[in-house]
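*Asks:* Okay, sequence plus prediction incoming.
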Amino acid sequence: MSDIGDWFRSIPAITRYWFAATVAVPLVGKLGLISPAYLFLWPEAFLYRFQIWRPVTATFYFPVGPGTGFLYLVNLYFLYQYSTRLETGAFDGRPADYLFMLLFNWICIVITGLVMDMQLLMIPLIMSVLYVWAQLNRDMIVSFWFGTRFKACYLPWVILGFNYIIGGSYRWLPSRRGGVSGFGVPPASMRRAADQNGGGGRHNWGQGFRLGDQ
C-alpha cells in the first residue's frame, strides 16, 4: 500500500486530483451511492432545473461495466500518461497556465455537449489533452501496440480509432436517439425516474394500496 501511496503522491498535483476524481465518481455511481441518472450531462436538467453540478460530474463519470471496463482503464491510463507529460513538460513550473488550459478545454467541451447532447465528457477532455501534447511534440516518434511507430501528430487519430475498436462505437460522442444506452444505461427510463423523484435520487417505493382494495 505504501508503494501505491508513494506512486500516487508522485503524480503532479493537477493530474493527481483529476485522476482521483475520475476514479472516485464512477465508483460512487457503480456502488449506487448516487444514481448515475444524476451524473450525466442532460441539457434540460442543467438549463431548466438548475442542476448545475452535471457538467462537472459528466466530466469525471464513466459507466463502468463488463463491456466498458477495458475502455475506461485504457483512457484512465491515457489521462495519467499525457496529462503528466504536459504538466511536467510544456507547463512545468506553470500550474496556473495548465489549469487555465484545462478549464478552457472543459468549457468548450461542455458547450459542445449541451448543443449536441453529449452526455459523457470524460473521454473528450482526455482526448483534448492528448491532442495538445501531440501538437507540441508532433515530430516525436511514438510507439503504440504491436510495435507500431509513427509521429506523435498522428497519435490522437490512432487513439480515436482505438477507442472505436475497443468500445464498439463512438459511444461517448453525441447520440440523440440512444444517448449512452450502448453502455447498458437506459437514458429515457433514468430521466423518467429522476423526474418522478424530483431530482433527489430517492428510491421509488411505489404508490401503495389501501387494505381491502383490489
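*Replies:* Sure thing, it's come through.
*Asks:* what about the nearest residue to Phe60 once chain neighbours are set aside, how many neighbours?
*Replies:* Computed as Cβ to Cβ, 6 or more residues apart in numbering, the closest residue to Phe60 that is not its neighbour in sequence is Val25, at 3.9 Å. For the C-beta atoms, the positions are set from N, CA and C on the backbone; glycine is no exception. For Val25, the neighbour count with other Cβ atoms under 10 Å is 21.
*Asks:* Quick check, pLDDT for Val25.
*Replies:* Listed pLDDT for Val25 reads 96.
*Asks:* swap in Ser128?
*Replies:* 94.
*Asks:* contacting residues for the nearest residue to it once chain neighbours are set aside?
*Replies:* Excluding the flanking residues, the one nearest Ser128 by Cβ to Cβ, 6+ apart is Asn105, at 4.3 Å. Contacts for Asn105 were tallied using Cβ atoms under 8 Å, 6 or more residues apart in numbering; they are Leu125, Ser128, Val129, Val132.
*Asks:* list the buried ones in the one helix or strand Asn105 maps to?
*Replies:* Remark: Asn105 resides in helix 95-116, with elements defined by DSSP states H and E. For helix 95-116, the neighbour count (16 or more other Cβ atoms under 10 Å) marks Tyr98, Met101, Leu102, Asn105, Trp106, Ile109, Val110, Gly113, Leu114 as buried.
*Asks:* Who are the contact partners of the fifth one?
*Replies:* Trp106 sits next to Pro55, Thr59, Leu121, Leu125 when contact means Cβ under 8 Å, 6+ apart.
*Asks:* how close does the residue nearest in space to the middle of the chain get to Ile109?
*Replies:* Nearest to the mean C-alpha position of the chain, by Cα atoms, centre = their mean, lies Met122 at 1.8 Å. Met122 sits 10 Å away from Ile109, going by Cβ to Cβ, to the nearest Å.
*Asks:* Overlap of the contact sets of these two?
*Replies:* In contact with both Met122 and Ile109: Thr59, using Cβ under 8 Å, 6+ apart.
*Asks:* which of the residues in stretch 150-167 are buried?
*Replies:* Ala152, Cys153, Leu155, Pro156, Val158, Ile159, Phe162, Asn163, Gly167.
*Asks:* The second one reaches Gln135, doesn't it?
*Replies:* Yes - under the criterion of Cβ atoms under 8 Å, Cys153 is in contact with Gln135, at a separation of 6.8 Å.
*Asks:* Can you show me the strands along the chain?
*Replies:* Secondary structure of the chain by DSSP state E: the strands cover 141-143, 149-151.
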